[in-house]
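Colleague: No sequence on hand, only this structure:
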């Protein structure tokens, strides 16, 4: 029997780097992109041997801005994947797209080559906030792209939103949430802005500089609560700390990371987990000990709202979760940070607030 | 060595203000006299300990014997005794001086006479040493040898016109120093046939030889087999070996006789038996009276030392015992703290001594320590007539049982250029100093005399002095008894629970200020936890200051990108590491360094 595998394909190009972005991505010339796509395809083919043992269940083309590529380039990439790997008939195939880079032509090519999910970066419905973030598009331009995607027949669309943007207020964030939800996408990701080293925002905000511009901790937390409350009104349920979906439209690729599915990352800086070895690109793989595997099972799984399953733990590691983490779980429960329901152990709302604290216990 | 002509021996030391080049000059002298080739020379030969070299401070007295062929064609034996260079070790310095007949005074050609220069010269003169000035660092562009010579003559009253002008660093004019040692330092006296009378100026513990006693023979002769008696401690032993000091090694010889400097081993197992300043005599033919000046040195500063990992308690005890073998002034006894568990209350000569021991425990014995704030010994006069010498604030009796308290006072001399007099007077004022006068030693420099409570200077007084005078002030002090004082115990409550290890004794007049600063400092040091934590300072049941550590920062709900969880793992690892460095007190986790907070109250 073939094992399931998730594929991640990284496209490290964008029109212009956003002020908060520390992902591996940069503007590049047309020729550079062409060279990259070529080598990416070679790279995909090089996994032919490994591919034999697997059946691909999800593909995620992320970036950067994958939709910056020409339609033919994307076609080449996915065709190469199809030639190399066995792809499950019901596989979830996602491409990340940014407003301003998608065209009708591209969308129809995506559709034809089997892409069945689009993830569009909106971040905010407030044009001033978009400018602050250094995004290349306005809200109106996003709407054009979104409509185009629907017209092209995409029935599974995600919209990325962001909270804790400089100068953002709860009111403006609520407007963004409602604007997005009213479009009725199948999935909404809502993350907090993180000030990462090496970004223009880091220069401006690191170490408490210009803290007045940023929503404070309490406001940020209220925004998180607003997200849950407002999206619930529109019929979205929270299935992971930062992800909301209509029933049946949870992102399978993303869930795979938290469930420690095997995944292969192809392209610059892409991370893989194969056979309990983690590696990035051609770097020396890190083999995970059983202890590390169990720890990952716990702290990654806790990102899911349903939590971690005791039965699955036992099936995977041959020992009871209680025997390994019983003490920690009891302690966290006592502190009101974790709760149990049937087979599952999960974070409480308070636990989500300080998830790192809880996760570092495992 | 038998029959060495006393007139060919010179026993001397080098005295200087810190950084004026004492150890460098010692190096050069050793090098010049060919005892070591420059290839063998490690910088600052006499500072053996890694720590000594690193800090540029001499901690233990050292000695070296050098043969010098003078210009007059005669060979001389020089015994150079390097003395510790810090006020904490004043007594050791005085005993080292007592082992000498003369002293080279090194004065920096740019800095001139400093407070320690004066203090050291007076100490040397007290011991009837002939002091021979040397002007060092004349290679510096800022050198002003003429001015400095004038200073030496005016301030100290020493003839300095023919003082060698040298650069110990480059080796310039070192020979002139050696010639002057021959001319100006007197030869030792004493009768080799009189009953033995030898002064102990240091002792070290060697795992093979046992205790090695450094001594100066004042009268008589000692050789292998001599039955000896330490007159103060009463310890007796038979001499196993005598010898003198090569550079970094012990060279055995037949005998040591009056006027000589050398070492004795006698299968003694503990340096406590061979106290610095004690007199060694022949047990069968004792001298009439011991040499003057012996006293048992007592610790001045106390603190609690706890292993960060409670299981390391026996290791800490072993390490302290080993250090004590070499350091009779280190004291310790077991104590328990509710917050920190099992540890030791340790006594030190001063803050430097404390820091050195702490560093050696951490480095040489690989111990992770939690140290409580250092304090001095207070005298508590109880209403029932009892007097307690208090070394641990937690043991302070109930206020209702206390009649009054006394604290140790020092006499301080601060030398400072006139532009900073105001700033330094302010500092002394803040530290409850009592002004006792000031004299100008020259137009632009003055010596300020203050009486200061010891507990006000053991923390950061020296640093504050330096920073408020841009490094120009220098400082020396001596103990000056106890004085009655309004003292209170300041308790710290964390989450409403008193943390015994954070209590300290403070003057009533500064209690409020200290309490407030302590709370502020702890607020910075204690990380946010699951719940809000009040930090309070209290005197008795009265809360005098409060701060709050907010509940734990909410984690950013960031995107975990492309399955690259390495970064997330690192973050969690770091958080885990942080938790390990905490002490659980009640429900609250307190980082180890918070227990030293009181030391940093004046940090800007």
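Modeller: Perfect, I can see it now. Just so we're clear, the structure is a prediction, and the values are computed from it rather than from any experiment.
Colleague: Please, where are all the strands along the stretch 251-362 of chain A?
Modeller: Assigned by DSSP state E, counting those that start in this stretch, the strands in the stretch 251-362 of chain A fall at A:263-266, A:271-274, A:277-280, A:286-287, A:308-309, A:338-341, A:344-347.
Colleague: wait, isn't residue B:268 in contact with residue B:235?
Modeller: Yes: between residue B:268 and residue B:235 there is a contact under C-beta atoms under 8 Å: 6.6 Å. From N, CA and C alone the C-beta is placed, and that goes for glycine too.
Colleague: Could you pick out the longest helix of chain B?
Modeller: helix B:508-525 (DSSP state H).
Colleague: so what's the nearest residue in space to residue B:369 that is not next to it in sequence up against?
Modeller: Leaving out its chain neighbours, the residue that sits closest to residue B:369 by C-beta to C-beta, 6 or more residues apart in numbering or on different chains is residue B:305, at 5.6 Å. By C-beta atoms under 8 Å, 6 or more residues apart in numbering or on different chains, the contact list for residue B:305 reads B:316, B:320, B:332, B:343-344, B:346, B:358, B:361, B:369-372.
Colleague: Please enumerate the helices of chain B.
Modeller: For chain B, the helices defined by DSSP H occupy B:22-32, B:50-55, B:90-98, B:115-126, B:145-151, B:174-184, B:313-326, B:351-364, B:421-430, B:454-457, B:461-468, B:508-525, B:566-580.
Colleague: neighbours around the residue in the stretch 1-150 of chain A positioned nearest to chain B, how many?
Modeller: Nearest residue of the stretch 1-150 of chain A to chain B (C-beta to the nearest C-beta) works out as residue A:8 at 5.5 Å. For residue A:8, the count of nearby residues is 25 (other C-beta atoms under 10 Å in any protein chain shown).
Colleague: swap in residue B:268?
Modeller: Neighbour tally, residue B:268, other C-beta under 10 Å: 23.
Colleague: Now it: closest residue in space, sequence neighbours ignored.
Modeller: residue B:211 (4.0 Å).
Colleague: The spatially closest residue to residue B:318 that is not a sequence neighbour and residue B:322, how far apart?
Modeller: Nearest residue to residue B:318, sequence neighbours excluded (C-beta to C-beta, 6+ apart): residue B:365, at 8.0 Å. Note on residue B:365: its distance to residue B:322, by C-beta to C-beta, to the nearest Å, is 8 Å.
Colleague: Distance-wise, check the residue nearest to residue B:104 when sequence neighbours are not counted relative to residue B:136.
Modeller: Nearest non-adjacent residue to residue B:104, counting by C-beta to C-beta, 6+ apart: residue B:14, 4.7 Å away. Residue B:14 sits at a distance of 10 Å from residue B:136 (criterion: C-beta to C-beta).
Colleague: Could you report the pLDDT at the closest residue to residue A:313 other than its chain neighbours?
Modeller: Leaving aside its sequence neighbours, residue A:313 sits nearest to residue A:321 (C-beta to C-beta, 6+ apart; 4.3 Å). Looking at residue A:321, its pLDDT reads 95.
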